[in-house]
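1. model the structure of this input:
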Amino acid sequence: MGKGGDANLRQRKNKGTRTSSGRLMKRSSSVLEKMSSLQSTFDAKKRMRDLHNDLTVLKNIWFKKLAKTESHAERLEQFYGPQAHAYDGFRSNFLWGRKPLLASCAARLEDIASTDDMVWVDLGGGTGENVSMMSEYMDLSKFKKIYVVDLCSSLCEQARKKVAENGWKNVSVVEADACEFTPDEGKATLVTFSYSLSMIPPFHAAVDRAVTYLDPEDGLLGVCDFFTGAKYDLPMRQMSWGRRFFWRCIFDTDNIDIGPERRQYLDHSLSRVWEFNDEGSIPYVPYFRAPYYVAIYTVPKLESLLIENKVEAPPRFPPTFLYTQSWEDPHKDEPYLRAGPGDVCLTLTSGGCNSLKLCLDDVKAVYSVDCNPAQNALLELKQVAIRRLEYEDFWKLFGEGRHENFPELFEKKLAPFLSQNSLKFWRTKQYYFKDGLYYHGGMGKVVWSMQILFKVLFLKGAVDKMLHAETLEEQKAIFNNSWLVKLFRTAPAPLLSVISDTLALLLFNRVTLWFGAGVPLKQYQLIKQDGVHMSNYAARTFDGVAQNCLISKDNYFYYNCLTGSFAKDNCPDYLTKEGFDKLKAGAVDSLFIVNDFFLPTLKARKYTKVILMDHVDWLDDTTAKQVAKALGEQVKTGGRVIWRSAAFSPRYAAFIEAAGFSVERIQVQEPGEMMDKVNMYSSFYLAIKK
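-> This next block holds a predicted model:
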């Protein structure tokens, strides 16, 4: 059929079919088109219905006055009755603390109770929506009984409908006062106040009653609610006087008291094991974000209450971590550090890899300190993931740097056990595990940029071949035959000088070195004082590695840089199956993460092993002398201190020697040689306390 036939066919399809009398019969719409039209109409009606329901709720919240009665039940009924049918839809976009609360409770219940005889009492449970949401986090059949307790009859009626619709046989809706209710079993494994404690005037009585039946061994009491802090509250609860005044006044108009008294009484009556403070958006109210909290408590035991300080990175630090891995070779350290049972160790966190390596050495305690809270957030995520995840999920996160299901893992398994600082960091950085963890942070951006540069300079083929080299000789041949290496080795001195200066200007300037490689100004100056050009420093580093170590099999540092991931046979010890299993079995419990500067942490206790890394390179002489003095006071006799420096002979080595140590320079960088598998420093030192 020619083009004319095609056109006629399209015309007939568009216009329909003519009868024998010549009249045109239009084709009816297809069933799918009709269904699509009906669906659009249905969606539009649903949106209008949802909007109507939301406006009904808002009218009751903003414009309806509370009943003037002494009966709290009557006040609740007057307030919630007209909006009970629309309660769940509106509050799903308002009560942001409910999901973190239920996820945190479910995660802990997995540990403490494996039987199906648990009892959950949801005080102020309203429509029973918490039960529906809890089913996302755990099997409801694990509860022998679930009580939804509320004083508002309209909300209880909605809850009973929900129970019937879902066929929950173990859920009972009880219209009762939380101050008087006790479960028939006499004991509860879980008690929750979900945005209800702030609406109970005699909150002392409600908390006291709940404590009487909370299981003293395994019981959890979870609370989420809006809040304002006290003027001198705990650090993570504090807010400006304006916010305290504004939000307390706003909620007070609805007889909701979000002042600090309820939290203070909870802290007085119970032991707080986890807490998170944040703020969430309000439907139809732009810009304003209401403060809320989530907290988990247990029956008091002989332990201190959890108090977490608010931490911020020092000025000029990026809003994320600089290092995704630790850039010091722990296996080179082993024969000099000699860490083992009984040792109390102090180290800088960096990427956290070497802190976990110390845990694998069976030491008594590892204090991992960093002034950048983002570095500690990375290590804490690793620590929690070791405790909560299986190896394959852990490997995907930190071996491959990607996990297709990270948001769910984070919500259900990891977030419930993170500190507030780390939780706030990772809540906004979950995409790191979609894009690739090792392409984020300062060093990650360098890795990403270098891979782009390899393509632009037509070096990607050579790099790929190096990554698949089976022998060191094969790798050396590939490296030495690349056009860039040949250029550096054969170019005339004037041309080489121009190339070096250009590279130093573009790639090795102070801004790039700090935000990309974590090299501060003082360390940059140490390199220049030794008369080493920055481009030569970099060339010395990479050439030494390429000539002396097989990257594909035996150098996870540069393998990670070139691929954005690790391999199971080429990775830090904590990522191996054996290392993970040992850490999970209890070795990781020796790790203590400290958000602070190095010197105060050094002064806090006695140590037998200290890893300074290149930290003292960053300091001026006055501060370096203070560190040396503190080392002399805090390191036990026979204790060992190791460090690396970008300088061949750093001045502060003499300061440490004067503080009571025998100091030895173990190694110095030589052209064409490799100090260790990182090969990034000029010297390596050991000091032993006399």
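
2. now name the helix or strand holding the residue nearest to residue 666 when sequence neighbours are not counted.
-> Of all residues not flanking residue 666 in the chain, residue 684 sits nearest, at 4.7 Å (CB to CB, 6 or more residues apart in numbering). (Each C-beta comes from the backbone N, C-alpha and C, glycine too.) For residue 684, the host element (DSSP states H and E) is strand 683-689.

3. show me what that strand packs onto, helices and strands only.
-> Packing contacts for strand 683-689, counted by 3 or more CB pairs under 8 Å, 6 or more residues apart in numbering; DSSP states H and E, involve helix 621-634, strand 635-645, helix 652-658, strand 661-668.

4. tell me what the residue nearest to residue 666 is bridged to.
-> residue 644, residue 667 (DSSP bridges).

5. what is the mean pLDDT for whichever strand in the chain runs longest?
-> Scanning the chain for the strand with the most residues, using DSSP state E, yields strand 285-298. On average, the pLDDT along strand 285-298 is 93.

6. from the contact counts, what lies against the helix or strand following it?
-> Proceeding N to C from strand 285-298, the next assigned helix or strand is helix 330-337, under DSSP H and E. Packed against helix 330-337 by the contact rule (3+ CB pairs under 8 Å, 6+ apart) you find helix 353-360, strand 607-613, strand 635-645.

7. so for residue 129, which of those sits nearest?
-> For residue 129, the closest of the helices and strands packed on helix 330-337 is helix 353-360, at 40.5 Å, according to CB to CB.

8. for the helices and strands packed on helix 330-337, which one ends up most surrounded?
-> helix 353-360 (a mean of 25; mean count of other CB atoms under 10 Å).

9. for that one, packing partners?
-> Using 3+ CB pairs under 8 Å, 6+ apart, helix 353-360 sits against helix 330-337, strand 344-348, strand 365-370, helix 373-388, helix 577-584, strand 591-595.

10. and the fourth one, what's buried?
-> The neighbour-count criterion (16 or more other CB atoms under 10 Å) identifies 373-388 as the buried residues of helix 373-388.

11. show me which positions of the following helix or strand past it end up buried.
-> Downstream of helix 373-388, the next assigned helix or strand under DSSP H and E is helix 391-395. Of all the residues in helix 391-395, those buried under the rule 16+ other CB under 10 Å are 391, 393-395.

12. I would like the residues contacting helix 391-395, please.
-> Helix 391-395 has contacts (CB atoms under 8 Å, 6 or more residues apart in numbering) with 385-386, 403, 409, 568, 575, 577, 580-581.

13. hmm, back to that, I'd like the helices and strands packed on strand 683-689 as a markdown table, with distance to residue 237 appended.
-> Below are these laid out as a markdown table (distance: least, CB to CB, whole Å):
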| stretch | distance to residue 237 |
| --- | --- |
| helix 621-634 | 33 |
| strand 635-645 | 37 |
| helix 652-658 | 41 |
| strand 661-668 | 44 |
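
14. can you say which of those is nearest to residue 528?
-> Per CB to CB, nearest to residue 528 of these: strand 635-645, 14.0 Å.

15. now the angle from the closest one to strand 344-348?
-> Here the directions of strand 635-645 and strand 344-348 differ by 30 degrees (axes from the mean of the first three to the mean of the last three CA atoms, to 10 degrees).

16. so for strand 635-645, mean pLDDT?
-> Mean predicted confidence for strand 635-645 is 96.

17. what about that strand, distance to the chain center?
-> 32 Å (CA atoms, centre = their mean, to the nearest Å).

18. stretch 327-345 too?
-> Distance, centroid of stretch 327-345 to centroid of chain: 28 Å (CA atoms, centre = their mean).

19. wait, residue 429 touches residue 321, no?
-> No: Residue 429 lies out of contact with residue 321 (CB atoms under 8 Å); the separation is 9.6 Å.

20. which positions within the longest strand of the chain qualify as buried?
-> Applying 16+ other CB under 10 Å to strand 285-298 flags 290-298 as buried.

21. helices of the stretch 151-300 of the chain, residue ranges please.
-> Applying DSSP state H, counting those that start in this stretch to the stretch 151-300 of the chain gives helices spanning 153-166, 203-213, 241-252, 261-269.
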